[in-house]
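1. Fold the stuff below for me.
(2 chains)
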Amino acid sequence: MVTVHNAVDFSGRENLVVERGVKEKVVTFLGRITYQKGPEYFIEAAAKVLKRTKNVRFVMAGSGDMMNRCIRHAARMGISDRFHFTGFLRGADVQKMFALSDVYIMPSISEPFGISPLEAMRTGVPSIISKQSGAAEILKYAFKVDFWDVDAMADEIYALLHYPALADFSARAGFDEVNALKWNGATAKLKQVYESVVK
Amino acid sequence: MASKSICLYFQVHQPTRLRLYRFFDIGKDSHYYDDFANRTILRRIAQKCYLPMNAQLLQLIQANKGKFKVAFSISGSALEQFQRFAPDVIDSFRALAATGCVEFLCETYYHSLASLASESEFTHQVMKHKKAVEDLFGVTPTAFRNTELIYSNAIGESVYNLGFKTMLTEGARHIMGWQSPNFVYGCDTQPKLRLLLRNYGLSDDIAFRFSNQGWDMYPLTAEKYLAWVKDSARNDDIVNLFMDYETFGEHQSAASGIFDFMKALPEAVISDGTFSFVTPSEATKKYKPVADLDVPDAISWADEERDITAWLGNELQQEAFLCDDREAFHRGRSRPLGGLRPPAGERPLLLYVHQVLLRRRGPQVLQPVRYPVRGVHQLHERPVRLPDPAR
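-> Have a look, this model is predicted:
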């Protein structure tokens, strides 16, 4: 079995410069709010981080069948004042959201690949992704945690928010790494696979 | 003057609605209100309800030469919006005040849950409202109604300490038991505070069931209704009919005949002679309390439960209210938020967020908030009238 990983097409996309409205750091989850994406682990991790520091806001950007449940979960954890649900984001709003974020997190329970961390890293946002996603196989400069390991997630988030050297490094390294992932490479590899089978 | 009385009270409130506010707006735009919706809705309701009904009441008062009386409580939020968008409504209420047959009650300025949260905030809002009523209508209120008729022993004590001797609340079945709401009662912990209890069966017959063609008592006429009122108060003193003023023209449209009904009813009552109309303050002067009511946990006029779960029943509501006894709520127990908690380090309270939380089904965080239609009137199929205690 040969795996050909996805790449991302960044041509024609300018990096937005967005003025921040909130003073605090922003940790973002962006995607469908459904079971496979692990939103509840994000909320639990957020609650843990908020016990340590108040200088952070958590954003769940997207909509889905678990959204109402997540809103109630956040309220039960007592963190609704620092937890925002933006609803479904379209087009330029997605880029805007990344431009406003300090950390991106994808705690997926099961994810064939997951392109969104690549988009986040391309915007210079350090990313935390679950080991159970396809992207974890190729990304060296994203932080990987088990999706159930809420303590590790909270640790990574806290570290990225409080150690500027770590955040700067992973933003720069992640940016370079993702830029090198081109679809040309993926299609070349795919062509190789076809050729080896046809022979 | 007849020995039995009817007390008519109307609640006037319009919330200041919030606009759609995105995460991206935080820190950039601090205008939170939906001016367009507020103006449009207020003007519409003024045309359908406030102006025509005020005019009709004025005409009835003048025609009956002091025999017809009503009471209002107008929230501060509504007063502000009237001044901004519909000053003609203020003028029409002033004309009613000038007749001397209309009593204006006091409440919390923002139609809020302050009574459940903070004594100082509650006092501040009540005083603010009292001043607004004095400034606009030239009368000083002596009777009180709390938001959504929320009441408990502790709230009653605080209201009395603020200088009010009369208070309106709900004749909730779980409090009344076999007792009839058709009497004046006292507050158990402050007997000098007199309570007037809403007769919810008869009030809701007009406010909710009036135009419901599936109701087995439809259509409601003044004669039929007066017969029910006489039947309900056969051995009692006073029938308290408290309802939302929007009943007249908005919840019950003009086409339903509600205005004609409310013209025929006072005339029928006055010509019948069994009842005379009184204002709340007159009622508590006229009748002595028959008993003291013990209400340890807060009651209200909302929903079937007649408690405060409509606004503090789910996690979001509780969290925004900064309730520190979440355990009790999660156990589903009716928490004795019966009154004002001691200010052991009062924290800033998101009291105005209560507007957002009035929606029971959970937040529509992305949508503009709409003030819910109070109660579950669409679900009442049969009239709910209190059993005669004599039987």
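2. what ranges do the helices span in the stretch 51-200 of chain B?
-> Taking DSSP state H, counting those that start in this stretch, the helices of the stretch 51-200 of chain B run over residues B:51-63, B:76-85, B:87-98, B:119-137, B:153-161, B:173-176, B:200-207.
3. and the residue of chain B nearest chain A?
-> B:Gly27 (2.9 Å; Cβ to the nearest Cβ). Placement of C-beta: from N, CA and C, glycine included.
4. give me phi/psi at the residue lying closest to that residue once chain neighbours are set aside?
-> Spatial nearest neighbour of B:Gly27, excluding adjacent residues (Cβ to Cβ, 6 or more residues apart in numbering or on different chains): A:Gly21 at 2.9 Å. Dihedral pair for A:Gly21: phi -90, psi -30, per degrees, to the nearest 10.
5. Could you do A:Phe85 as well?
-> phi -110, psi 120.
6. The closest residue to chain B within chain A: what's it in contact with?
-> Nearest residue of chain A to chain B (Cβ to the nearest Cβ) works out as A:Gly21 at 2.9 Å. Contact partners of A:Gly21, counting by Cβ atoms under 8 Å, 6 or more residues apart in numbering or on different chains, are A:Leu100, B:Phe24, B:Asp25, B:Ile26, B:Gly27, B:Lys28.
7. List, one by one, the residues from chain A near chain B.
-> By Cβ under 8 Å from any Cβ of the partner chain, the residues of chain A that approach chain B are A:19-23, A:59, A:61, A:68, A:71-72, A:75-76, A:78, A:80, A:84-87, A:93, A:96, A:100.
8. If I look at B:Asp324, what pLDDT would I see?
-> The per-residue pLDDT reported for B:Asp324 equals 48.
9. what do you get for B:Arg347?
-> In this model, B:Arg347 carries a pLDDT of 32.
10. ranges for the strands of the chain?
-> If you meant another chain, say so; for now it's chain A. A:25-30, A:56-61, A:83-87, A:103-106, A:127-130, A:143-145 (DSSP state E).
11. The intended chain is chain B.
-> B:4-12, B:70-74, B:102-104, B:143-145, B:166-170, B:184-187, B:190-198, B:238-244, B:275-278, B:292-293.
12. picking up where we left off before, nearest to A:Arg172, of the helices of the stretch 51-200 of chain B?
-> In terms of Cβ to Cβ, the element of those nearest to A:Arg172 is helix B:119-137, at 50.3 Å.
13. looking at it, B:Ala264 is touching B:Ala222, isn't it?
-> Yes. With contacts counted by Cβ atoms under 8 Å, B:Ala264 reaches B:Ala222, the gap being 3.8 Å.
14. Show the low-confidence segments of the stretch 201-350 of chain B, by residue range.
-> Within the stretch 201-350 of chain B, the segments meeting pLDDT under 70 span B:322-350.
15. Run through the residues of it sitting next to chain A.
-> Taking Cβ under 8 Å from any Cβ as the measure of proximity, the stretch 201-350 of chain B contacts chain A at B:Asn314, B:Glu315, B:Leu316, B:Gln318, B:Glu319, B:Ala320, B:Arg326.
16. Buried by neighbour count, from these: which ones?
-> B:Asn314, B:Glu315, B:Leu316, B:Gln318, B:Glu319, B:Ala320 (16 or more other Cβ atoms under 10 Å in any protein chain shown).
17. how close does the fourth one get to B:Thr108?
-> To B:Thr108, B:Gln318 is 20 Å away according to Cβ to Cβ, to the nearest Å.
18. what do you get for the last one?
-> Here the distance between B:Ala320 and B:Thr108 works out to 17 Å (Cβ to Cβ).
19. what do you get for the third one?
-> The gap separating B:Leu316 from B:Thr108 is 22 Å, by Cβ to Cβ.
20. Could you do the first one as well?
-> From B:Asn314 over to B:Thr108 the distance is 22 Å, taken as Cβ to Cβ.
21. One more: the fifth one?
-> The spacing between B:Glu319 and B:Thr108, counted by Cβ to Cβ, is 22 Å.
22. Same question for B:Ser281.
-> Per Cβ to Cβ, B:Ser281 is found 19 Å from B:Thr108.
23. the more surrounded of these two?
-> Each of B:Ser281 and B:Thr108 has its neighbours counted (other Cβ atoms under 10 Å in any protein chain shown); B:Thr108 has more, 26 against 20.
24. Could you find the closest non-adjacent residue to the more buried one?
-> Excluding the flanking residues, the one nearest B:Thr108 by Cβ to Cβ, 6+ apart is B:Gln125, at 4.1 Å.
25. what's near enough to touch the one you found?
-> Neighbouring residues of B:Gln125 by Cβ under 8 Å, 6+ apart: B:Gly76, B:Thr108, B:Tyr109, B:Tyr110, B:Ser112, B:Ala114.
26. okay if I get those as a markdown table plus pLDDT?
-> Converted to a markdown table, those look like this (pLDDT from 0 to 100):
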| residue | pLDDT |
| --- | --- |
| B:Gly76 | 96 |
| B:Thr108 | 96 |
| B:Tyr109 | 96 |
| B:Tyr110 | 95 |
| B:Ser112 | 93 |
| B:Ala114 | 92 |
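27. Contact partners for A:Arg52?
-> Counting by Cβ under 8 Å, 6+ apart, A:Arg52 has contacts A:Tyr158.
28. residues near A:Ala159, how many?
-> Neighbours of A:Ala159 (other Cβ under 10 Å): 16.
29. what residues are up against it?
-> A:Ala159 is in contact with A:Leu166, counting by Cβ under 8 Å, 6+ apart.
30. separation between it and B:Tyr33?
-> Taken as Cβ to Cβ, the span from A:Ala159 to B:Tyr33 is 41 Å.
31. Same question for B:Lys165.
-> B:Lys165 is 36 Å from B:Tyr33, by Cβ to Cβ.
32. which of those two has more neighbours?
-> B:Lys165 (15 against 12).
33. residues in contact with the more buried one?
-> B:Thr142, B:Ala143, B:Lys192, B:Leu193, B:Arg194, B:Ser281, B:Thr284.
34. How many residues are close by the fourth one?
-> When neighbours are defined as other Cβ under 10 Å, B:Leu193 has 26 of them.
35. That one: what's it in contact with?
-> B:Leu193 makes contact with B:Gly156, B:Glu157, B:Val159, B:Tyr160, B:Phe164, B:Lys165, B:Thr166, B:Met167, B:Gly186, B:Cys187 under the criterion Cβ under 8 Å, 6+ apart.
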